[in-house]
Each structure stands twice: as structure tokens, then as C-alpha cells.
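**Q** Predicted structure and sequence below. I'll ask about it afterward.
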Amino acid sequence: MDHPRFLYDLEHCSIRRALDVLGEKWTMLVLREAFYGVCRFDDFARALGCGRGVLSARLKTLTEAGILERREYKEPDQRTRAEYRLTDKGRDLFPAILALSQWSERWTPPPEGPVARVLSRKSGQPVSVVMTGDRVEALGMRDIEILPGPGARRLDPSRQRQ
């Protein structure tokens, strides 16, 4: 007898559709940096240390999916360049990313503690992702701040990425 799950079409599962866009390591790391406020290509490249072709492809995927928005900017005496900003759709991913982070901290905790702390701007208390059937106050990106945690280690200036 088949498991009841096999009575249903699994092709259009919401998890599968999300993974079609997000299911690659560099994509998730680009999002991490976008949540920290990184928006320029060279800054993403510096923070991530991935190949420029990989980064370009991930930014294109996230832009085409409406998660990032590409905006042109120009500095004096420089050519026009692009920066990438989170859209509402992108900002709505933060709870999912935070849930992954909190899962990792629970099951594979870093020895010195979390690298980042996510706090409510209003209360100063840590923010956590929970499932609930009750009405709760939903926080948006403007309601939180992301600060270095006890496990965050400053790089020696000689090792900082240029």
C-alpha cells in the first residue's frame, strides 16, 4: 500500500517552487548579505568570495524572481553601475532565513555563540521564529536590528577582503 502522500501531485509543491529559485548555497548567501544591507556587486563579491560569474548569475536569478530590484547609480567620473535592493518579496524571506539560522544554532551551535543577534528595535529583546496558531505581533525588517553576536570575530586587517 502506498503512502497517502503519493495520491497527490507533488510537482507544484510550494517548497519545490521556492527551491527552484532559492535552493543553491550562493543564492542564500547573497540574500544574507542583502539583509545586512550590501547592495553593490563589488561588495557582494568581497563579502562572499565567490566567482564573479556565479555572483552575476545569482543576482540575475533573484532579480528575475522579483526578490531583488536592480537600480542604476553613477558616481562622479565613473560609469553607470547597478546595485541590488531587496523588494517586499525579498524582505518577506527574512523569517525563513532567520528560522534556518536558528535551526543551525540549535543543532550545530558555534562554539563562541551565534555570529549575529537579531533584536527587536522596540524592546531590545531577541527575535525568534516560532509557529503559532495565535495572533502575534508580526515584525518587519524595519522593526529589527542585526548586530554582531558573541561568535562574531573581527578579521585581522591583513586578512580582510579587498
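**A** Good, I have the coordinates. Small disclaimer: the values here were computed from a predicted structure and weren't measured.
**Q** Break the protein into its domains for me.
**A** 11-90, 93-162 (automatic domain parsing).
**Q** Could you save the ones you listed as TSV and add columns showing distance to R5, mean neighbour count and mean pLDDT?
**A** Any C-beta I mention is one placed from the backbone N, CA and C, and that applies to glycine too. Output for those, formatted as TSV (distance: least, Cβ to Cβ, whole Å; neighbours: other Cβ atoms under 10 Å; pLDDT from 0 to 100):
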stretch	distance to R5	mean neighbour count	mean pLDDT
domain 11-90	10	14	95
domain 93-162	21	12	90
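**Q** okay if I get the ones you listed as JSON lines plus distance to H3?
**A** Output for these, formatted as JSON lines (distance: least, Cβ to Cβ, whole Å):
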{"stretch": "domain 11-90", "distance to H3": "15"}
{"stretch": "domain 93-162", "distance to H3": "24"}
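**Q** is it true that V118 lies in a helix?
**A** No - checked against DSSP: H, G, I helix; E, B strand; the rest coil, V118 lies outside a helix; its state is strand.
**Q** How about the contacts made by the nearest residue to it once chain neighbours are set aside?
**A** Nearest residue to V118, sequence neighbours excluded (Cβ to Cβ, 6 or more residues apart in numbering): V127, at 4.5 Å. By Cβ atoms under 8 Å, 6 or more residues apart in numbering, V127 lies in contact with L98, V118, L119, S120, L139, I144.
**Q** Redo those residues as TSV? Include distance to R81.
**A** Listed next are the contacts of V127 as TSV, based on distance: Cβ to Cβ, whole Å:
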residue	distance to R81
L98	30
V118	30
L119	33
S120	35
L139	33
I144	29
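**Q** quick one: which of these is nearest A152?
**A** For the contacts of V127, the closest approach to A152 (Cβ to Cβ) belongs to V118, at 12.8 Å.
**Q** Pull up the gap between the closest one and G151, please.
**A** Going from V118 to G151 by Cβ to Cβ, to the nearest Å gives 14 Å.
**Q** again, but for D20
**A** 32 Å.
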